[in-house]
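*Asks:* Provide a 3D model corresponding to the input given below.
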Amino acid sequence: MNAGRLGALLGIGHPVVQGPFGGGLSSVALAAAVSEGGGLGSYGAHVLEPARIGELVAELKGATTRPFAVNLWIPLEEELRPLPDAAETTRHAERLRPYYEELGLTVPGEGDIPISPDFDEQVDALLAAEPPVISFVMGVPPRRVIDEARARGIPLIGTATTVEEAVALEGAGLDAVVASGSDAGGHRGAFLRPVRESLVGTFSLVPQVVDAVSVPVIAAGGIADRRGVTAALALGADAVQIGTGFLATRESGASPLHKRALDGPDARTTVLTRLFSGRTARGIPNRFVREMAAHEDQVPPYPVQNMLMQPIRRAAAEQDRAEYVNLWAGQAAGLTVSSRSAGEYLASLTRAEPAP
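*Replies:* Presented below is the predicted three-dimensional model:
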């Protein structure tokens, strides 16, 4: 299966991009395995401190000689405003008290909540490390970033959830666009309109984006086997980006309980929720999502809610408590096959005969 225009741009052999995972779900082993197999492996670095980003790129370069991408989140406008004061943040923490106590944790008080890494410092560190490819979600990168990447010869990939976003990314000078349908798991990247106005299904979004832009288009969302790859390419996409399917592979950083959830019947149902991070994301509903559903519009925006939930998610994973973990999954999660390697999965997506 030839990678066509995207292959010429990025130097990859197959039209398959591994979705970048944040929050510890990415791994060097996974990204390297996909890249070595001829696809584009990716690593989500949005939670990493700037100094760690340089180390990460060095590790990836040591693990594969093939192209790979490192992904960052662009801050939304609401996240550039001053953080809530300590008293307000403490009130939000109190809402989560039952879950802290059940997991044996202390409710954080004023001054105990960590601060997210600074985006400008992250992107400067990433440019300095010169990965083969940089990808972004949640917006258009600053002009200076685009100019610096071009000067260093680093292709840039942006992520769009609507046609208007895709046009904006191409107009800014990005080299390729991911058309991310509402089927996709994990965080929604809408940045021109609210998420609720940007929920376009993958196979409605892709042909419209293909018609609207001239750069390579990567279809994402609801694609988990060769049938989905074939359908996306038939609609004009140059390649596909697959997240949930690679999340279930042996090399991913997903916890064992997350992989079990992807392999079970509950994965056939997914919901959009702000409860785990303050940004809307798609995952498998569990006890926490159902009990806290009435507070969807009350939780603080990212990064505050994300920081408040971090101890809960970490402790729940350590205690094998799936009811309190963010089980990110797309709407094609029921098609995933767990326990196989990333290389085996990639081969099933790209070989000539249909995948079993």
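*Asks:* pretty sure Leu103 contacts Ala317?
*Replies:* No - assessed by Cβ atoms under 8 Å, Leu103 is found out of contact with Ala317, at 10.4 Å. C-beta: built from backbone N, CA, C; applies to glycine.
*Asks:* show me the contacts for Ser180.
*Replies:* Contact partners of Ser180, counting by Cβ atoms under 8 Å, 6 or more residues apart in numbering, are 137, 159-161, 188-189, 202, 205, 220-221, 241.
*Asks:* identify the bridge partners of it.
*Replies:* Ala220 (DSSP bridges).
*Asks:* quick one, grab the pLDDT at it.
*Replies:* pLDDT recorded at Ser180 is 98.
*Asks:* do Glu78 as well
*Replies:* For Glu78, the pLDDT comes out at 76.
*Asks:* that one: neighbour count?
*Replies:* By other Cβ atoms under 10 Å, the residues close to Glu78 number 10.
*Asks:* make sure it is indeed in a helix.
*Replies:* Yes - Glu78 sits within a helix when classified using DSSP: H, G, I helix; E, B strand; the rest coil.
*Asks:* distance check, it against Leu174.
*Replies:* In this structure, Glu78 and Leu174 are 23 Å apart, going by Cβ to Cβ, to the nearest Å.
*Asks:* just the helices in the stretch 51-200 of the chain please.
*Replies:* 86-95, 97-102, 119-129, 143-152, 163-172 (DSSP state H, counting those that start in this stretch).
*Asks:* the shortest one packs against which elements?
*Replies:* Contact partners of helix 97-102 among helices and strands, from 3 or more Cβ pairs under 8 Å, 6 or more residues apart in numbering; DSSP states H and E: helix 304-318.
*Asks:* the helix it packs on to helix 86-95, inter-axis angle?
*Replies:* Here the directions of helix 304-318 and helix 86-95 differ by 30 degrees (axes from the mean of the first three to the mean of the last three Cα atoms, to 10 degrees).
*Asks:* tell me where the stretch 101-250 of the chain has strands.
*Replies:* Taking DSSP state E, counting those that start in this stretch, the strands of the stretch 101-250 of the chain run over residues 133-137, 156-160, 176-180, 186-187, 217-220, 239-242.
*Asks:* who does the second one pair up with?
*Replies:* Right, the one you point to is strand 156-160. strand 133-137 (parallel), strand 176-180 (parallel).
*Asks:* deepest-packed of the ones you listed, please.
*Replies:* Each of the strands paired with strand 156-160 was assessed for mean neighbour count using mean count of other Cβ atoms under 10 Å. The highest is strand 176-180, with a mean of 29.
*Asks:* gap between that one and the chain center?
*Replies:* Centre-to-centre, strand 176-180 and its host chain are 13 Å apart (Cα atoms, centre = their mean, to the nearest Å).
*Asks:* quick one: it to helix 163-172, angle?
*Replies:* Going by the same axes, to 10 degrees, strand 176-180 makes 170 degrees with helix 163-172.
*Asks:* for Gly111, give me the pLDDT.
*Replies:* 64.
*Asks:* excluding its backbone neighbours, what's nearest Gly201?
*Replies:* Leaving aside its sequence neighbours, Gly201 sits nearest to Gly181 (Cβ to Cβ, 6 or more residues apart in numbering; 5.1 Å).
*Asks:* and the closest residue to Ser277 other than its chain neighbours, how far from Gly283?
*Replies:* Closest residue in space to Ser277, ignoring its immediate chain neighbours: Asn306 at 4.1 Å, by Cβ to Cβ, 6+ apart. Asn306 sits 14 Å away from Gly283, going by Cβ to Cβ.
*Asks:* neighbouring contacts of the helix or strand hosting His258?
*Replies:* Using DSSP states H and E, His258 maps to helix 256-262. By Cβ under 8 Å, 6+ apart, the surrounding residues in contact with helix 256-262 are 25, 244, 247-248, 252, 254, 267, 284, 317, 320-322, 325, 327-329, 333, 336, 338-339.
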